[in-house]
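Engineer: Structure for the following, please:
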Amino acid sequence: MVAEMGNRILGFQEYYHRKRDRQTTLYHKCVAAEFRGHGIGKALVDAVVAEAQNMGRTHLLLKCPEDLPANEFHRRYGFKLVAKENGRRRRLNVWRLNLL
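Structural biologist: Predicted structure coming up:
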């Protein structure tokens, strides 16, 4: 999913609808620094949520290093912190957003 204005990319969100269950997994998200705080990240996640709901998905799941500011974005969006786990290099927060 890509957010664009004219010929400029403002941000993107990678995600995957898993086949084995009804989960959508969010991977990398990035919004250009000068556009953060303007609703672009929210719009990207909103679009993934809408697509996942249309496909009958039950929830979104993502993992985020615990020291990144993106954790606050996920909390404000409505994701719930459901676990913490060791990553390869640092601790990860596991976030879940129920869609039903």
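
Engineer: At which residues are the helices of the protein located?
Structural biologist: 40-54, 70-77 (DSSP state H).

Engineer: Contacts only, for the spatially most central residue of the chain.
Structural biologist: For the chain, residue 26 is the residue whose C-alpha lies nearest the centre (Cα atoms, centre = their mean; 4.7 Å). Residues in contact with residue 26, defined by Cβ atoms under 8 Å, 6 or more residues apart in numbering, are 13-15, 45, 48, 60-62. For glycine as for every other residue, the C-beta is placed from the backbone atoms N, C-alpha and C.

Engineer: again with residue 49
Structural biologist: Neighbour list for residue 49: 60, 97, 99 [criterion: Cβ under 8 Å, 6+ apart].

Engineer: so can I have CSV of those showing pLDDT and neighbour count?
Structural biologist: Below are the contacts of residue 49 laid out as CSV (pLDDT from 0 to 100; neighbours: other Cβ atoms under 10 Å):
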residue, pLDDT, neighbour count
60, 98, 22
97, 98, 19
99, 97, 16
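
Engineer: So which of those are in strands?
Structural biologist: 60, 97 (DSSP state E).

Engineer: for the contacts of residue 49, which one is nearest residue 79?
Structural biologist: Of all those, residue 97 has the smallest distance to residue 79: 4.7 Å, by Cβ to Cβ.

Engineer: From residue 61, how far off is the closest one?
Structural biologist: In this view, residue 97 and residue 61 are 8 Å apart by Cβ to Cβ, to the nearest Å.
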